[in-house]
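Peer 1: Structure here, sequence nowhere to be found:
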């Protein structure tokens, strides 16, 4: 599977997960503030509200499912640029710690993805 298809499948899986779990997430958040208590809280919270209220925040959650896709894409682009730069500068005596490079690329790509989303 190619990169684009992988990103599309990952985004679709994230969207399906958010749509299925959003009512339970909303109910559990409201249970924390509920006067019903934990044992009766879930049923009363779900039965008391409407479906529109159960999906409160769905748009933002769907937007945030794009974060891993953006992070992966940015990481891949930065990795390609770093590899090209290392190959063009390779003299045979240069030794760069690859684990540190991967950590730095991951940190930078996560920062960029978080800022964009």
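Peer 2: It's in. Predicted model, so just to flag it, every value in this text is computed and none were measured. Numbering: from 1, shown residues only.

Peer 1: Let me see the backbone angles for residue 57.
Peer 2: phi 90, psi 10 (degrees, to the nearest 10).

Peer 1: residues contacting it?
Peer 2: Applying CB atoms under 8 Å, 6 or more residues apart in numbering, we find residue 57 in contact with 22, 26. No exception for glycine: its C-beta is placed from N, CA and C like everyone else's.

Peer 1: any idea how far residue 1 is from it?
Peer 2: Relative to residue 1, residue 57 is positioned 31 Å away (CB to CB, to the nearest Å).

Peer 1: Then residue 108?
Peer 2: 26 Å.

Peer 1: So between the two, which is more surrounded?
Peer 2: Neighbours per residue (other CB atoms under 10 Å) separate residue 108 from residue 1, with residue 108 holding more: 14 against 8.

Peer 1: Ranking helices and strands of this structure by mean pLDDT, which lands last?
Peer 2: helix 38-48 (a mean of 67; mean pLDDT, DSSP states H and E).

Peer 1: Which strands or helices does the longest helix seen in the chain pack on?
Peer 2: Secondary structure of the chain per DSSP state H: the longest helix is helix 3-32. With contacts defined as 3 or more CB pairs under 8 Å, 6 or more residues apart in numbering; DSSP states H and E, the packing partners of helix 3-32 are helix 38-48, helix 51-54, helix 58-64, helix 67-89.

Peer 1: That helix: how far from the chain's middle?
Peer 2: The chain centre lies 10 Å from the centre of helix 3-32; the measure is CA atoms, centre = their mean, to the nearest Å.

Peer 1: List the buried residues in it.
Peer 2: 7, 14, 18, 22-23, 25-27, 30-31 (16 or more other CB atoms under 10 Å).

Peer 1: Then stretch 105-114?
Peer 2: Quick answer for stretch 105-114 (16+ other CB under 10 Å): 105, 109-110, 112-113.

Peer 1: Likewise for stretch 49-68?
Peer 2: 54-56, 58, 61, 65-66, 68.

Peer 1: Now tabulate these in a markdown table and tack on pLDDT and distance to residue 82.
Peer 2: Shown next, in a markdown table, are the buried residues of stretch 49-68 (pLDDT from 0 to 100; distance: CB to CB, whole Å):
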| residue | pLDDT | distance to residue 82 |
| --- | --- | --- |
| 54 | 79 | 45 |
| 55 | 84 | 42 |
| 56 | 82 | 42 |
| 58 | 88 | 38 |
| 61 | 88 | 33 |
| 65 | 87 | 27 |
| 66 | 85 | 24 |
| 68 | 86 | 21 |
